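[1] how would this look folded up:
(one chain, ligands or ions: 1)
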Amino acid sequence: AIYLDGLSTAPLAPEARAAMLAAWDQPGNPSSPHAAGERAAALVETARRSVADLVGASSAEIVFTSGATEANNLAIAGAAAAAITGGSERRHVVVTSIEHKSVLEAAWRLRAVGFTVDIAPVTKAGVVDLGELAALIRNDTLLVSVMAANNETAVLQPIAEVAALAHAVGALLHCDAAQAVGKVPVDVIDLDVDFMSVSSHKMYGPMGVGALYVSAAAPRPTPLLVGGGQENGLRAGTEPAPLIAGFGTAAEVARSRLEKDARHAKSLLGAFLQDLSERQVKIHVNGNVSKLLPGAINISIDGIDAQSLAMIMARTVMISTGSACNSGQINSSHVLDAMDVDEKRKKEALRICFGRYHSDPDAREAARQLGDAINRMR
Ligand code: PMP
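    Residues are numbered from 1 along each chain as shown. Down below sits the predicted model:
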């Protein structure tokens, strides 16, 4: 079977697996003051350096979390709580209509503590509308949250431009970069973000770990989890050293082959689409085709119900019709809704992702299988 659902979760890099296996065999609490503890702490600090290097941060600015969901919650709830206790008058937050649910829900929660939340629209191409966003940002805006790349369409967002808008009124910028880090160059200084979320399992690392970048210049968010004061007081709980070691190794590998991976993924997607077109399969791209994560795309196949196709292909070519986070809610993509994709095309929408571990024959075989299934459906 060929797995083309890497935006849900990517396969584990063998290097990350090896790092974890070695770490599991050496128990130790990173906070313990003996050799085992020091060894675990060294693993965590090495990984912190690797994750920091991948995004152009300094080690002290990386807080390990259980994933991007937690990082998003920490940035949003944490910044709001810090503003309230710190005496800031700012009670306004802006997010976009295509954010991951962990950003949207975290923002909506703030309404209960007196915040107003505005949702910035996107264009039909799935890119945040900078004019509309600028019009929503106010003098009392505390935080703007815009993702680096969307998880359903793979469309990259103009983060540096958003940063300029947010910072012009003294607002903070949070960026959910779960899908972008490790796949395209992401540099916290170039993007000028204050907070940025990273997920390990989207970049060939293990599930259950991620990070929040907290700029040294930004106000400290109030932690969600309190207790032992780990992670510089921003995230209590014993650091899972083996998971973090796997994440750090995945970050190193991603950094060393970022361009190579991108070129490879792009070329496979190109071959796949070319092959589909030779099979007379008519597709429509949902999203700005010139600004996509390498190897990833959201397409609608003319006249083919995506849910049925994905079901037929479930054991041969694994694809998904949208975000795994919304699975069960059939055809309810808030992202495609926000892009004003029409009902027919929405039902035809598929998300496809080629990556590091696919080969050219995989791309050809996937196109062949898909083409055959489509012919059978017709
Ligand atoms: N944000 C985006 C854009 C995502 O794609 C995901 C994963 N679906 C998350 C956040 C959540 O990440 P995690 O699984 O690490 O909690």
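[2] most proximal residue of this structure with respect to the ligand?
    With Cβ to the nearest ligand atom, the shortest gap between the chain and the ligand falls at Gly67, namely 2.7 Å. To be clear about C-beta, it is placed using only N, CA and C from the backbone, and glycine gets the same treatment.
[3] give me the most central residue, this protein.
    Taking Cα atoms, centre = their mean, the centroid of the chain lies closest to Ala178, which sits 2.1 Å from it.
[4] enumerate every residue touching it.
    Contacts here follow Cβ atoms under 8 Å, 6 or more residues apart in numbering; on that basis Ala178 touches 68, 100, 147, 151, 197-199, 202, 210.
[5] now, which of those residues lie within helices?
    Ala68 (DSSP state H).
[6] in strands, which of the contacts of Ala178 appear?
    Among these, the ones falling in strands (DSSP state E) are 197-199, 210.
[7] quick one: which of these is nearest Val253?
    Closest approach between those and Val253, by Cβ to Cβ: Val198, at 14.7 Å.
[8] how many other residues sit next to that closest one?
    Neighbours of Val198 under the rule other Cβ atoms under 10 Å: 33.
[9] and for the one 4 residues further on?
    Number of residues near Lys202 (other Cβ under 10 Å) recorded here: 26.
[10] ok, now how distant is it from Asn151?
    8 Å (Cβ to Cβ, to the nearest Å).
[11] before we move on, what about Ile352?
    In terms of Cβ to Cβ, Ile352 sits 13 Å off from Asn151.
[12] give me the nearest residue to the residue of the chain closest to the ligand, chain neighbours excluded.
    Gly210 (4.0 Å; Cβ to Cβ, 6 or more residues apart in numbering).
[13] would you list every one of the helices in the stretch 101-250 of the chain?
    Applying DSSP state H, counting those that start in this stretch to the stretch 101-250 of the chain gives helices spanning 101-109, 130-136, 159-168, 188-191, 241-256.
[14] can I get those in a markdown table including mean neighbour count and distance to the ligand?
    Shown next, in a markdown table, are the helices of the stretch 101-250 of the chain (neighbours: other Cβ atoms under 10 Å; distance: least, Cβ to the nearest ligand atom, whole Å):
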| stretch | mean neighbour count | distance to the ligand |
| --- | --- | --- |
| helix 101-109 | 19 | 5 |
| helix 130-136 | 16 | 18 |
| helix 159-168 | 19 | 13 |
| helix 188-191 | 16 | 15 |
| helix 241-256 | 25 | 10 |
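[15] now those in TSV, with distance to His358?
    Formatted as TSV, the helices of the stretch 101-250 of the chain follow (distance: least, Cβ to Cβ, whole Å):
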stretch	distance to His358
helix 101-109	28
helix 130-136	34
helix 159-168	28
helix 188-191	28
helix 241-256	16
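[16] got JSON lines for the ones you listed, with mean pLDDT too?
    Output for those, formatted as JSON lines (pLDDT from 0 to 100):
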{"stretch": "helix 101-109", "mean pLDDT": "98"}
{"stretch": "helix 130-136", "mean pLDDT": "98"}
{"stretch": "helix 159-168", "mean pLDDT": "98"}
{"stretch": "helix 188-191", "mean pLDDT": "98"}
{"stretch": "helix 241-256", "mean pLDDT": "98"}
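[17] so how far is stretch 119-129 off the chain centroid?
    17 Å (Cα atoms, centre = their mean, to the nearest Å).
[18] quick one: that stretch near the ligand?
    No. Against the ligand, stretch 119-129 shows no contacts by Cβ under 6 Å from any ligand atom, the least distance being 13.0 Å.
[19] buried ones in that stretch?
    By 16 or more other Cβ atoms under 10 Å, the buried positions in stretch 119-129 come out as 119-123, 126-128.
[20] what is the nearest of those residues to Ala271?
    Using Cβ to Cβ, the buried residues of stretch 119-129 come closest to Ala271 at Gly126, 23.9 Å.
[21] quick revisit: figure out which of the helices of the stretch 101-250 of the chain is closest to Gly322.
    Among the helices of the stretch 101-250 of the chain, if distance is taken as Cβ to Cβ, the winner is helix 101-109, at 11.8 Å.
[22] just to revisit the earlier point, okay, the ones in strands among the contacts of Ala178 in a markdown table with distance to the ligand and pLDDT next?
    Converted to a markdown table, the ones in strands among the contacts of Ala178 look like this (distance: Cβ to the nearest ligand atom, whole Å; pLDDT from 0 to 100):
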| residue | distance to the ligand | pLDDT |
| --- | --- | --- |
| Ser197 | 7 | 99 |
| Val198 | 8 | 99 |
| Ser199 | 3 | 98 |
| Gly210 | 5 | 99 |
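[23] which residues in the stretch 1-150 of the chain form strands?
    Secondary structure of the stretch 1-150 of the chain by DSSP state E, counting those that start in this stretch: the strands cover 2-3, 62-65, 92-96, 116-120, 141-145.
[24] direction-wise, compare the fourth one with strand 141-145 and give the angle.
    Between the axis of strand 116-120 and that of strand 141-145 there is an angle of 40 degrees, by axes from the mean of the first three to the mean of the last three Cα atoms, to 10 degrees.
[25] who are the packing partners of strand 116-120?
    Packing contacts for strand 116-120, counted by 3 or more Cβ pairs under 8 Å, 6 or more residues apart in numbering; DSSP states H and E, involve strand 92-96, helix 130-136.
[26] and the longest one, how far out from the chain's middle?
    It stands for helix 130-136. Counting by Cα atoms, centre = their mean, helix 130-136 comes out at 23 Å from the chain centroid.
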